[in-house]
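> just coords:
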């Protein structure tokens, strides 16, 4: 069982990943799950914002409470490695 986090610890962890790629998996009810990828753009006292990776340039927001109650799962993505010239 994973330890429960506080809202402050969730925000601190997100603050340390500002400007990096993340994937958000959100339970929208009635068996609907949405998965969005983008760049973590900003954190505010109650919400965090990601700039979506599609061409529209839209942003999406979620609250830290959603993460705390497991309605939203966050996955930090690694930056893609550049292929070496030897390959």
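Perfect, I can see it now. Here the structure is a predicted model, which means the values were calculated and not measured.
> where along this protein do the strands fall?
Secondary structure of the chain (DSSP state E): strands at 21-27, 33-43, 47-52, 59-63, 72-76.
> could you point out the longest helix of this structure?
Using DSSP state H to assign secondary structure, the helix with the most residues in the chain is helix 7-15.
> in the protein, where is pLDDT below threshold?
For the chain, residues meeting the criterion pLDDT under 70 lie at 1-4, 79-87.
> mean neighbour count, the strands of the chain: which tops it?
Mean neighbour count (mean count of other CB atoms under 10 Å) peaks for strand 47-52 among the strands of the chain, with a mean of 18. Where you see a C-beta, it was placed from the backbone N, CA and C, and this is true even at glycine.
> mind checking how far the longest helix of the chain is from the chain centre?
The chain centroid and the centroid of helix 7-15 are separated by 12 Å, computed with CA atoms, centre = their mean, to the nearest Å.
> about what we covered before: can you redo the strands of the chain as JSON lines with distance to residue 6?
Listed next are the strands of the chain as JSON lines, based on distance: least, CB to CB, whole Å:
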{"stretch": "strand 21-27", "distance to residue 6": "20"}
{"stretch": "strand 33-43", "distance to residue 6": "15"}
{"stretch": "strand 47-52", "distance to residue 6": "15"}
{"stretch": "strand 59-63", "distance to residue 6": "14"}
{"stretch": "strand 72-76", "distance to residue 6": "15"}
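> which of those sits closest to residue 5?
Between residue 5 and those, the tightest spacing by CB to CB is seen for strand 72-76, at 10.9 Å.
> so which elements touch that closest one?
Where contact means 3 or more CB pairs under 8 Å, 6 or more residues apart in numbering; DSSP states H and E, strand 72-76 is packed against strand 21-27, helix 64-68.
> can you report how many residues lie near the residue lying closest to residue 48 once chain neighbours are set aside?
In space, and not counting its chain neighbours, residue 48 is closest to residue 14: 5.3 Å by CB to CB, 6 or more residues apart in numbering. If you count neighbours by other CB atoms under 10 Å, residue 14 ends up with 20.
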